[in-house]
Structure formats: structure tokens, C-alpha cells
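Asks: Sequence and predicted model, in that order:
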Amino acid sequence: MGTRPRPATLWGAALGLAGGAAVAAWAWTRLRSRDVPPAACPAPAAAATATDQGKGHSKQILVLGLDGAGKTSVLHSLATNHVKRSVAPTEGLHAICINTEESQMEFLEIGGSESLRSYWKMYLPKVLLLIYVVDSADHARLPVAKQLLHQLVQNNSTLPLVVLANKQDLEGAYCITDIHDALALSDIGDERKMFLIGTHVAEDGSEISSSMKDAKELIVQLVLEAQ
């Protein structure tokens, strides 16, 4: 696998994966939804009950990945459209809501330390989308990230999956095609919607990168399609 750096303009590129075959690009109608500031989310159990009963338009999205992959920074970027890199590791569950004119999306992040990974599967039956974040520069732990991802999705062949190959701005980070191979994404089901996007968060306080904007638009589109 190559570790050569790529121009920053390419980090927003994505591979749409269907039937195990990678296509060169993905496209959808760009949304013009007005973002609403993040809101306090209901407790996870209450939110799941409301979703099951069809009350409201809350859509739960599960955000997983190894500790240090950048899940919390990614969530902050998606919620506020600004970067905050210096965040403490998530020790339990972190919930944040992102509102658009079409729907309210509830993101549930569970910490990625070894002691918390056994809880990941408990939340899968209640969500409509899985976001899996990997550190593209952490080569040594990609096999672990691969194993855990495959274990997560092996019993659900239709759950949509968005893999964020994060930290693409770091020297030595694998490009998205290398991440695709390292995670063996071609082996993960033929029926599910699956996307791989290269992302990074820029300097603190700056606006989010084009790759993060692309990821946000994709997530919103998938949620709308699931309604």
C-alpha cells in the first residue's frame, strides 16, 4: 500500500461501493437545507422508542471507530461547520443533534477504547446508518479496525455504511483506495449502500474542509432517503 501524500484538493473524493465493486465517483443532488444549531438530544433509550413508534422525525446515526480516530472532532465539525481538534477522548456515549429543515439527525458516538467496544453492537438495531471512522495514518491498527467493522456488519446485510478515512492531511496517511483494501470493503455485503470518503479536520476555529461538507451532504441525503 502506498503512503505517498496526495494534494489536499483530493481529500474530498469518495468511492461509492455497490455490489463489492468500486466506482470512480459518487453524485447526488446537492442539498440546500438551512442548518439549525445543534440541539440537546433526548436520552438514547427515549429517542429509540420515539423512532420505533414513528413519533417525530428523529433519525439515529451510530458513529463508531477506534479510540483516536477523530470521531468527536468529526462530529463537532458536522454539527457546527467549524473545526475543534483539541477534544478529550469519549469515555462513554456522546449524543449530539444536527437539525435541518427536513429532519433532526441524532448522532450517537460510543468511545472506541477496548473496554467499550463490546457495547457497540447493542445500538446497531436502533439506527438507520452506521458511520465508521478510521485513522488513515494509524497503519498498525487498521487490521483491528477491519476486524471490528466486519464483526459489526456481518449480521445486518442492509444497514447503510459510511466509512470516513480520516486524518488524510497527515504525512503517510493511506489514500482512500488503500483504506478500501486495508478494510476489505469489497467483502462487506452486496445489498447495502456503502460509501468511503477521505476526510480531515483543519485548524481549530476554521471552517470545515470541502471533504467534511461532502460527508455531511451524503449523510443528510442517506437520512432523507430512509424517511
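Replies: Cool, got the structure.
Asks: burial of Leu66, as a residue count?
Replies: Burial of Leu66, expressed as a neighbour count using other CB atoms under 10 Å, amounts to 22. Heads up, the C-betas are built off the backbone N, CA and C, glycines and all.
Asks: hang on, it packs against Leu142?
Replies: No: under the criterion of CB atoms under 8 Å, Leu66 makes no contact with Leu142, lying 9.3 Å away.
Asks: shared neighbours of the two, which are they?
Replies: Overlap between the neighbourhoods of Leu66 and Leu142 consists of Val134, taking contacts as CB atoms under 8 Å, 6 or more residues apart in numbering.
Asks: show me the residues around the closest residue to Ala226 other than its chain neighbours that make contact.
Replies: Nearest non-adjacent residue to Ala226, counting by CB to CB, 6 or more residues apart in numbering: Leu128, 4.7 Å away. Listed by CB under 8 Å, 6+ apart, the contact set of Leu128 reads 59-61, 159-160, 223, 226.
Asks: how does it look with 7 Å?
Replies: Taking CB atoms under 7 Å, 6 or more residues apart in numbering as the definition of contact, the neighbours of Leu128 are 59-60, 223, 226.
Asks: Over to Leu66?
Replies: Residues near Leu66 by CB under 7 Å, 6+ apart: 112, 141, 144-145.
Asks: mind redoing it with 6 Å?
Replies: Contact criterion CB atoms under 6 Å, 6 or more residues apart in numbering gives 112, 141, 145 as the residues in contact with Leu66.
Asks: A helix includes the second one, no?
Replies: By that I understand Arg141. Yes: using DSSP: H, G, I helix; E, B strand; the rest coil, the assignment for Arg141 is a helix.
Asks: For the residue nearest to it when sequence neighbours are not counted, give its distance to Lys167.
Replies: Closest residue to Arg141 in three dimensions, ignoring its sequence neighbours and counting by CB to CB, 6+ apart: Leu66, at 5.9 Å. For Leu66, the distance to Lys167 under the criterion CB to CB, to the nearest Å works out to 12 Å.
Asks: and if you look at Gly68?
Replies: Between Gly68 and Lys167 the computed distance is 9 Å (CB to CB).
Asks: the more surrounded of the two?
Replies: Shown here are Gly68 and Lys167; by other CB under 10 Å, Lys167 has more neighbours (24 against 14).
Asks: Give me the pLDDT value at that one.
Replies: Note for Lys167: predicted pLDDT of 92.
Asks: How about Gly92?
Replies: Note for Gly92: predicted pLDDT of 74.
Asks: mind checking the backbone torsions on it?
Replies: With angles defined as degrees, to the nearest 10, Gly92 sits at phi -140, psi -110.
Asks: before we move on, what about Leu196?
Replies: With angles defined as degrees, to the nearest 10, Leu196 sits at phi -120, psi 120.
Asks: doesn't Val163 make contact with it?
Replies: Yes: Leu196 sits in contact with Val163 when judged by CB atoms under 6 Å, with a separation of 4.7 Å.
Asks: Compare those two and say which is more crowded by neighbours.
Replies: Taking neighbours as other CB under 10 Å, Leu196 and Val163 compare with Val163 leading, 28 against 24.
Asks: List the contacts of the more buried one.
Replies: Contacts of Val163 were listed using CB under 6 Å, 6+ apart, and they are 132, 196.
Asks: In the sheet, which strands lie alongside the helix or strand it falls within, parallel or antiparallel?
Replies: Take DSSP states H and E as the rule and Val163 turns out to sit in strand 161-166. Within its sheet, strand 161-166 is paired with strand 129-135 (parallel), strand 194-198 (parallel), according to DSSP bridges.
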